[in-house]
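*Asks:* Make a model of this:
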Amino acid sequence: MSIGSTINNPFYELYPNLNCSGIVLINDVPVFSFLGKDTKDGILDGSVPINHVVLQSGKYNVVGKIFPRFGQKTLTENDGMEISFNVSDIDNWKETKQSFFPQLSTPEASFDRNNKVTSPLKGLPYFEIKTEIEIELPFVLDGWQNSIDLTKLDETVLKQKVIEYYTQLHAILKEHNASKFLELSREKEELQTKAFYFNSIRKQEIRDSIINLFNKNLEVLPLNPDELKLEIFGYGKLVSLLRIDGGVSTSV
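*Replies:* Numbering: from 1, shown residues only. Presented below is the predicted three-dimensional model:
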C-alpha cells in the first residue's frame, strides 16, 4: 500500500479499543494491554505509536488476544476488541492523518432465536483476532532485531539477570536520580529519536519532562521478585517481568 506523496516522515499508530481484558502484539511484541483488576469495569482505548516497534519497512503480523474481565472465567456478549490503523506525516499529522488498513475487530453481537443479544465470543475463555499490515518507513533501525534468542538461555539465570536490572532501575527511581535514569535510557532515547524524527528541540523537551517528573519526588512502589514472573516476547528477543496477579508489564 502506498501512503502517498503528502507523507514524507510517516508516523504509524494503532488505535485499540477494548471492553474486556486483552493484549495487542505486533510480531509478538506487546504494544498495548488491559489486564488485571483494572479490567473489572469500563473500557480502555488510546493511540499507540509503532515506528519504534516495527523498525523498518515490511509486513508485520498484528494479533489481538482477548480474555475475560477480572473475576470472570469466560467472555460475554458484551466483550470485544477493535483495532484501527492510522498513518500521518509527523510534521503535519492533523492534515495528513489517514487510515492505511481496514479496521480489525471481533465478531459483532447479534440477536439469537429468543431475541436475546448473543455473541460468538460468549462462553469462551479466550479469543484471538489477527491480520497482516504493510509498513513503509524511510529508515532501518537495529533495535532488538539482532538480539540473541533468549529462549535458549537458562530461564532461572535469565530471570535473575532481569531482576537485577529492574532492581537497579528501581533504586534510581527511589533516589529520584534523573541524570542517572537518562544515562541508563540513552540507547532507548536514540532509538525513539530516529523512529519519530525528533529534532534537538523535541529531544530536549522530552528530557526536561522526565527531569520535571523526577523533581516531583513521587512515591515508588516496592519491587518484590516473588510477585513477578518471566515472560519472553518478540519471537524470543524481548523479555518482561509480569506481575503474577495480571498487572501490566514492561519490556526490556
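
*Asks:* What ranges does the stretch 1-150 of the chain have for its strands?
*Replies:* Under the criterion DSSP state E, counting those that start in this stretch, the stretch 1-150 of the chain contains strands at 10-18, 21-26, 29-34, 44-45, 48-49, 58-67, 81-89, 98-105, 110-111, 117-118, 127-135.

*Asks:* Report pLDDT for Arg243.
*Replies:* Here the pLDDT value assigned to Arg243 is 80.

*Asks:* brain fart, Ser147
*Replies:* pLDDT for Ser147: 88.

*Asks:* let's number from 27 now, not from 1
*Replies:* Shifting the count to begin at 27 puts that one at Ser173.

*Asks:* quick one: contacts for it?
*Replies:* When contacts are counted by CB atoms under 8 Å, 6 or more residues apart in numbering, Ser173 touches Gly260, Lys263, Leu264. The way it works is simple: take the backbone N, C-alpha and C, and place the C-beta from them, glycine included.

*Asks:* need the contact list for the second one.
*Replies:* Same thing as Lys263. Trp170, Gln171, Ser173, Ile174, Asp175, Leu176.

*Asks:* Identify the residue spatially nearest to the residue most central in space within the chain, adjacent ones excluded.
*Replies:* With distances taken as CA atoms, centre = their mean, Val57 lies nearest the centre of the chain, 1.5 Å away. If you skip the residues right next to it in sequence, Val57 has Val74 as its closest partner in space, 5.2 Å away by CB to CB, 6 or more residues apart in numbering.

*Asks:* One more: Lys91?
*Replies:* Ile49 (4.7 Å).

*Asks:* OK, contacts around the one you found?
*Replies:* Pro56, Phe58, Ser59, Phe60, Leu61, Gly90, Lys91.

*Asks:* how many neighbours does the second one have?
*Replies:* By other CB atoms under 10 Å, 22 other residues sit near Phe58.

*Asks:* Make sure it is actually in contact with Val74.
*Replies:* Yes. Taking contacts as CB atoms under 8 Å, Phe58 lies within contact range of Val74: 5.0 Å.

*Asks:* Quick check: neighbours shared by the two?
*Replies:* Leu40, Pro42, Val50.

*Asks:* Model confidence for the first one, exactly?
*Replies:* Looking back up the chat, that one is Leu40. Reported pLDDT for Leu40: 97.

*Asks:* how about the helices in this structure?
*Replies:* Here the chain has its helices, by DSSP state H, at 77-80, 119-122, 181-200, 204-210, 212-221, 226-240.

*Asks:* counting contacts, what elements does the fifth one pack onto?
*Replies:* For helix 212-221, the packing partners by 3 or more CB pairs under 8 Å, 6 or more residues apart in numbering; DSSP states H and E come out as helix 77-80, helix 226-240.

*Asks:* shaky segments in the stretch 27-176 of the chain?
*Replies:* 27-31 (pLDDT under 70).

*Asks:* Show the end-to-end separation of stretch 139-146, please.
*Replies:* 14 Å (CA to CA, to the nearest Å).

*Asks:* can you list contacts of that stretch?
*Replies:* Here stretch 139-146 makes contact (CB under 8 Å, 6+ apart) with 101-106, 132-138.

*Asks:* if you set the cut-off to 6 Å instead, what comes out?
*Replies:* Glu103, Pro133, Ala135, Asp138 (CB atoms under 6 Å, 6 or more residues apart in numbering).

*Asks:* now the contacts of Ser173 in a markdown table, with distance to Phe127 and pLDDT?
*Replies:* As requested, the contacts of Ser173 are arranged in a markdown table below (distance: CB to CB, whole Å; pLDDT from 0 to 100):
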| residue | distance to Phe127 | pLDDT |
| --- | --- | --- |
| Gly260 | 22 | 92 |
| Lys263 | 25 | 93 |
| Leu264 | 24 | 93 |
